[in-house]
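Q: task: produce atomic coordinates for the following.
(chains A and B, ligands or ions: 2)
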Amino acid sequence: MKGLPVLSLLLWMCAVYFVGIYIFVGGFLLVRLEVNRTSTCGDVLEPRDESVDFCRAQPRFRRVVLLIIDALKIDFARFDPNNTAPRPYENKLPVLEKTVSSKPLQSRLYPFRADPPTTTMQRIKGFTTGSLPTFVDVGNNFASSAILEDNLIHQLGQAGKRVVFMGDDTWESLFPKKFYRSLPFPSFNVKDLHTVDDGILRHLYTTMVGDDWDVLVAHFLGVDHCGHRFGPDHPAMAEKLTQMDGVIRSVIDRLQNDTLLVVMGDHGMTDTGDHGGESVKETDAAIFLYSPSPVFPGPPSPNELDVVPQTDLVPTLALLLGIPIPYSSVGQVLLPLFPSHKQPEGAVARLSQLEALWINAKQVNRFLETYSGMAKDIPPESLSRLKDEFAHLSSEYLTAVREGRSPSPQLTSSLQAYLTSVRDTCRSTWARFSPLKMAAGLVILAFACLMCFLLSELSLLLIRENGAGLKAPLVVALTAGVSIAAAQLLTQGYIDMVWCLAAGAFSSEILFFWRVRRLSTPTVLKNGTKGPKSSSWLTPGCLLVPSLLVPLLRCASLLSDSYVIAEGRVVTFLVFSLALYIPVHLNWDGLLLPPSHDPLKSAGLLPSPALSPSAVRKESGTLLACLGLLVGSLYLSLSFHSCREEQGSCQPSPFLSPLSRLQDSQMKNLHYILSVISLSLWTYLLRRCLCHYGNLNSTSGTVFTARWILPLLSVCLGLHWAVSATPEDSFRNLAELIRLAQLALPRAAFCLLGLGLCLIWLDPLTVFVKTRAAASARSSSLPPARYRASTGMSPQAELHHLIPQIYQRMRRSLDDGELSRDSEVDNRPAVEAYGLGTVYSAPVLLFCGLLGIGLLLLHPEGMALSFLLLMLEMGALLHIHASSTTLSSLHGAYSGGFNVPWTPVVLWALAATQFFHATGHLPTFPSIQWSAAFVGFPDGHTGTTLPASLVTLNTFASHILFAVGCPLLLFWPLVREVRGSRGRACGDEEEDAVMEMRLRENPQQFSSALLQLSTRYLFIHGAQVFASVCAAAILRRHLMVWKVFAPKLMFEASGFLVSSVFLLIGVTLVLRVDVAVGRWFKRLIPDTSR
Amino acid sequence: MWDHEIRAMASSHAIIAASMLMATVIPAVALPGFSVYGTHLLWLYLVSGAVTAVSVAVFWLLGITPPTKKHTLGYKLSRFFRSCVYFFLSCLFFHTVVVLYGAPLIVSALETFSLAVLLTSLTTLRCLCVLGPNVQAWIRVFSRHGAMSVWDTCLQITVACTLVGAWVGAFPIPLDWDRPWQVWPVSCSLGALFGYLSGLVAAPAWIHYHRKQLIYKCK
Ligand SMILES: [Zn+2]
Ligand SMILES: [Zn+2]
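A: Ligands and ions are numbered 1, 2, ... in the order given. Below is the predicted model:
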């Protein structure tokens, strides 16, 4: 068998997928490192009196009222008196314009430009940290959404200011326990326009009148929800905005002289009321500043700034309130709020514009230095340019201050320019979707899916070509990548790896398509019968068969947030539907029932079938029984689901919580017993299966693993559960021992698992050979002679042809002790080989089973039941596939080759997703089971690789098991083949069950079937990745994009990654077994033939 | 070729469809507060009842049912009794399948069972009428060469349409649109009903257009 072409084609396929995913994700998910340092009052930021702690100075404002009106677009805030027929959202906030025009020294209204992603949570992060939050802010803590970066609320708390919060409960999760007082209201229901706003209004005015606050934050949600529900152009919006107008009026009436009022929107909205993207309509919110005492130097001048970036709020508020600017802010102070010259105005020390800018610039420079030391994503040349600029400005300012003269007025504008360029640099690195990269990723992924499909359809052709279709694309890919890199080096001076990879992947795909075209046309010319077969896959009717319709529906379902939220049930529904389709389809083809019941066929109208009715009935019975098992495990698996926060009335499965957390001791015992029973059933079934096919007789490493390591591993696991479930206080005198056991048992299990997997890998054969000298001497002398006589071949080729002869004379035994057909003297076998028929499937099965126990170790104990269901479903699927293959072949519909049809592969792939949910996982970040990282390492880790891989193994356990077990789909019909059925079909007089040895008879077909199976499996997962990529790209403005689609994309992509890696491991294991079998035969033949 | 049968089929289907329409319209006029969504179960049982009664009557009048071997009253009675048992078993079967598909087990068992009754009266009843209480024959009919008359082909089409309709009807349930027809089991029963109606239309039409190709082995 040709292993190399199969592996290399698969590797190449996966690489192309990875490149596509990488490029898309690079353009869609922007990653930024969180700097977890905080500014302190002791930071020496002012050049002059270095001893002065500037927190202690009297700030400009003692108090601030921050009214956040979610999605307050600038269009809503403007007032046009000439507009006689305003739309529902126009001219509804007259208070802003009236105040600005009547009190120009006290108020301003600016457009307030948000940075994408314009979603509420990212915006709150943005205008409290002053940074540019992206979707993935890599910080210390992935599980909770609390902000760990330095931020305004933290600094206010440090300075002893009392922050009172009311409104959107997102704040409560972002700043847990940071508020002096907080009144959160549920924000989740978008259809509810009033709960949050009414809740705020009940408390706002009473709080304002009281004196126990310094900073008051009120976040109104009504406008945003109204936008989502009705769109801006709706009477409800007019009503909501008018209500807000009244709120602002009342707040202004209650303000005191030392208080600043900030009314702002966190983002805008599109014409449909959505937000999240980067169009001007979404980014341009409004900000309104007001103070009862004059703040601004004069009425707004025309050359004053016209748009305020959202990051600028943080340094401005910080300096106005007299607290340090948060560490990672990249904003710039709003100059109009500061006097242009130093005014020694009694006790109220007011920073001048230049001083404020200087403090700001120094803080930004400090952040930039820290960040560039941690991450390398800011281009180095712009970084060095910024550094030089700051050094220059700083020396100029410092010399001016030291000499006591006032610095030149140009310094103000150059400091401003410096701050602006820092922000622009950061924004271009962090806060911009890259549509070009997204499009490139999409195209590459789409072509990869098409390529995968073509590869699966043309696997035989490609294998026959000996993988020649591969070399040229690889060379072209390398050339394209290198030439792009060279071009970049010449024109830009640095290399952007993304585009090199994209060019390589794309060119190799194009070349593949071209070669496939050339490859498939000559075969049509050469062989007329082959022609229609290889081109029939393109007709649309062929693509609409249920086995492909189901994955299509599955992919379509990824485009809707409701379906993604209900994904677990949706996938179960689809699997169930496709499983029911199998017997219905078989019945439609008349294969399910023995045809003897048909009066027509018995009348001789149709050719008499090559089978007995009882065999058919038995196979149908098996099929239906396994279908029942499958359906049962599907149904039961539904009870292991966890709950998303979007699913309101959902109760998470009781099996998901670890035993140690259960209070009721009776429940605890019951759960423990159930788990142990499932674990032992898992082990028993695995061993029983291996034993049944005679794989446990020899002394190889695999058999050792199955005999000893497997049970030992289960015992370890059972003990580990028992130990970890014991309450801390019940065995006080044994506490030391328990702690030791908690450490040792899982580690021992890990070691056993590693040992077992290694043994399987090193010595995968499970064949036990029994040679009988007399018999072998007699019968082995026969075949070589015959061969030599008939064909005068070279010894090498003869050896090749000998192998079929030999193993057709071999027997397998069903049980350990039984020597099959010992009595048949006439056809006495030369060599008896136990377990030869399942030589391929046994190691894969054992590998899979062992890995399953290992993965179960990382799960809560209750999941053992779910894992048992997983195994039962796997078995049921394999048997259904085998039975339906047998039924088709019994009726003479057997087409030759070992091709696995789409239906079982689709079921297999969907079952992976189904058990992802049924093992308590969800495609959301908070649902990741972090406790898996501490199994065997209760005291934590030093590095990050080990815990990350443990959590990955835990999260994608079902993907791993189904991917590794995928080759079983190829073997099972052969394992379960009905004795003699195929032999007769092939026109062979031997009645023996040859089982998997058929694969060695047709190495080419074996390779092509293996390639086809793996590419089909990859195709289904790849299509799902493609669908979720499409969903993220198309719906990037959707309300749910960061809550549903982006996490789904991440999980789908990582699931694909893990699946493909483990699929490759499974395929490599099969190839390894094949090599070992080849060696075994070579070892066998010399002493039988020569 | 099959003109007579096709005409009979079309007219019987028209009668069945009309009876279903009546079962919706008449109570809507006569009963205050009756609506398809609001009092869904009542409507559902009315439609099933109408379809059952009319189908049995029509098929009995047309004489489609395979001739019984014995004409004794006792045999007929036992046949009727077996039909009833099959009807009930089929309700249970559909109920189980729907529950396995993910319907709530306990909370809305009545709704699920009503859906099962509707599905039974749309599919199994027709099998009973055309083939009699003979499960072997039912299974045989749903294979490529299993149809032995135009009525069998018609049965294949209507049953497939009904079941596919009910299956498709489950799709809108997870969507968060909060429409009254997304409530369990409204969308599924509507789907089954629309599937059945389209089957009623499609079956005679399909048979009419393929009458040249239709060859039945014997009857
Ligand atoms: Zn918002
Ligand atoms: Zn919103």
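Q: which one of the residues in chain A is closest to ligand 1?
A: The minimum distance from chain A to ligand 1, using CB to the ion, falls at A:T120 (3.2 Å). Where C-beta positions appear, they are placed from N, C-alpha and C, glycine not excepted.
Q: so that residue sits against A:T170, correct?
A: Yes: the pair A:T120 / A:T170 is scored as a contact, 6.1 Å apart, by CB atoms under 8 Å.
Q: those two: which is more packed in?
A: Set A:T120 next to A:T170 and count neighbours by other CB atoms under 10 Å in any protein chain shown: A:T120 wins out with 23 against 20.
Q: for the residue of chain A closest to ligand 1, what are its contacts?
A: With contact set as CB atoms under 8 Å, 6 or more residues apart in numbering or on different chains, A:T120 has these partners: A:70, A:168, A:170, A:224, A:266-267.
Q: same thing with A:G130?
A: A:G130 makes contact with A:151-152, A:311, A:313-315, A:325-326, A:328-331 under the criterion CB under 8 Å, 6+ apart.
Q: go through those and flag which are in strands.
A: Using DSSP state E, no member of the contacts of A:G130 falls in strands.
Q: can I get these in JSON lines with pLDDT?
A: Converted to JSON lines, these look like this (pLDDT from 0 to 100):
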{"residue": "A:N151", "pLDDT": "91"}
{"residue": "A:L152", "pLDDT": "92"}
{"residue": "A:T311", "pLDDT": "91"}
{"residue": "A:L313", "pLDDT": "93"}
{"residue": "A:V314", "pLDDT": "93"}
{"residue": "A:P315", "pLDDT": "92"}
{"residue": "A:I325", "pLDDT": "90"}
{"residue": "A:P326", "pLDDT": "91"}
{"residue": "A:S328", "pLDDT": "89"}
{"residue": "A:S329", "pLDDT": "91"}
{"residue": "A:V330", "pLDDT": "91"}
{"residue": "A:G331", "pLDDT": "91"}
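Q: in helices, which of these fall?
A: Using DSSP state H, A:152, A:313-315 are the members of those that sit in helices.
Q: which SS state does A:C426 fall under?
A: Using DSSP: H, G, I helix; E, B strand; the rest coil, the three-state assignment for A:C426 comes out as helix.
Q: number of nearby residues for whatever residue of chain B ends up closest to chain A?
A: With CB to the nearest CB as the measure, B:P174 is the residue of chain B nearest to chain A, at 4.1 Å. Look at B:P174: counted by other CB under 10 Å, it has 19 neighbours.
Q: list the contacts of it.
A: B:P174 makes contact with A:562-563, A:565-566, A:569-570, according to CB under 8 Å, 6+ apart.
Q: one more time with 6 Å, if that's ok
A: A:562-563, A:566 (CB atoms under 6 Å, 6 or more residues apart in numbering or on different chains).
Q: just among those residues, which is most surrounded?
A: A:A566 (22 neighbours).
Q: what residues are up against it?
A: Going by CB under 6 Å, 6+ apart, A:A566 touches B:P174.
Q: now the residue in chain B positioned nearest to ligand 1: closest residue in space that isn't a chain neighbour?
A: Scanning chain B for proximity to ligand 1 using CB to the ion identifies B:D176 as nearest, at 19.5 Å. Nearest non-adjacent residue to B:D176, counting by CB to CB, 6 or more residues apart in numbering or on different chains: A:S562, 4.9 Å away.
Q: swap in A:R998?
A: Spatially, and ignoring its direct neighbours in sequence, A:R998 is nearest to A:L974 (5.9 Å; CB to CB, 6+ apart).
Q: what's in contact with the helix or strand the one you found falls within?
A: If you go by DSSP states H and E, A:L974 is part of helix A:968-975. Applying CB under 6 Å, 6+ apart, the external contacts of helix A:968-975 come out as A:838, A:840-841, A:844, A:878, A:882, A:885, A:898, A:900, A:904, A:995-996, A:998, A:1009, A:1013.
Q: going along the chain, name the strands of chain B.
A: For chain B, no strands are identified by DSSP E.
Q: what parts of it come near chain A?
A: B:100-102, B:142-144, B:174-176, B:217 (CB under 6 Å from any CB of the partner chain).
Q: repeat that for 10 Å
A: B:96-97, B:99-102, B:105, B:136, B:139-146, B:148, B:156, B:160, B:163, B:167, B:170-178, B:217-218 (CB under 10 Å from any CB of the partner chain).
Q: helices - which of these land there?
A: B:96-97, B:99-100, B:136, B:139-141, B:156, B:160, B:163, B:167.
Q: where in chain B is pLDDT low?
A: Along chain B, the model assigns pLDDT under 70 to residues B:1, B:65-70, B:217-219.
Q: most distant residue from the middle of it?
A: Distance from the centre of chain B peaks at B:D176, with 30.1 Å (CA atoms, centre = their mean).
Q: that one contacts A:H228, doesn't it?
A: No: contact between B:D176 and A:H228 fails when scored by CB atoms under 10 Å: they sit 12.0 Å apart.
Q: what's the overlap in contacts for these two?
A: Residues touching both B:D176 and A:H228 (CB atoms under 10 Å, 6 or more residues apart in numbering or on different chains) are A:190-191.
Q: what segments of chain B are helices?
A: Under DSSP H, chain B gives helices at B:3-30, B:40-62, B:73-100, B:109-122, B:124-131, B:135-141, B:150-169, B:186-209.
Q: quick one: those as CSV, columns for distance to ligand 1 and mean neighbour count too.
A: Below are these laid out as CSV (distance: least, CB to the ion, whole Å; neighbours: other CB atoms under 10 Å in any protein chain shown):
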stretch, distance to ligand 1, mean neighbour count
helix B:3-30, 45, 15
helix B:40-62, 39, 18
helix B:73-100, 41, 15
helix B:109-122, 39, 22
helix B:124-131, 54, 22
helix B:135-141, 58, 16
helix B:150-169, 37, 22
helix B:186-209, 33, 21
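Q: A:T207 is nearest to which of the ones you listed?
A: Nearest to A:T207 among these is helix B:186-209; the distance by CB to CB comes to 47.3 Å.
Q: next, the angle helix B:124-131 makes with the closest one.
A: Angle of helix B:186-209 versus helix B:124-131, following axes from the mean of the first three to the mean of the last three CA atoms, to 10 degrees, is 30 degrees.
Q: which strands and helices sit next to the helix or strand that A:L317 is a member of?
A: Using DSSP H and E, A:L317 sits in helix A:313-321. Packing partners of helix A:313-321 (3 or more CB pairs under 10 Å, 6 or more residues apart in numbering or on different chains; DSSP states H and E): strand A:63-69, helix A:120-129, helix A:152-158, strand A:259-264, strand A:284-290, helix A:353-374.
Q: which one of those lies closest to A:P235?
A: Evaluated over the helices and strands packed on helix A:313-321, closeness to A:P235 peaks at strand A:63-69, with 18.4 Å, by CB to CB.
Q: toward the C-terminus from that closest one, list the very next helix or strand.
A: In the C-terminal direction, the helix or strand that comes right after strand A:63-69 (DSSP H and E) is helix A:74-77.
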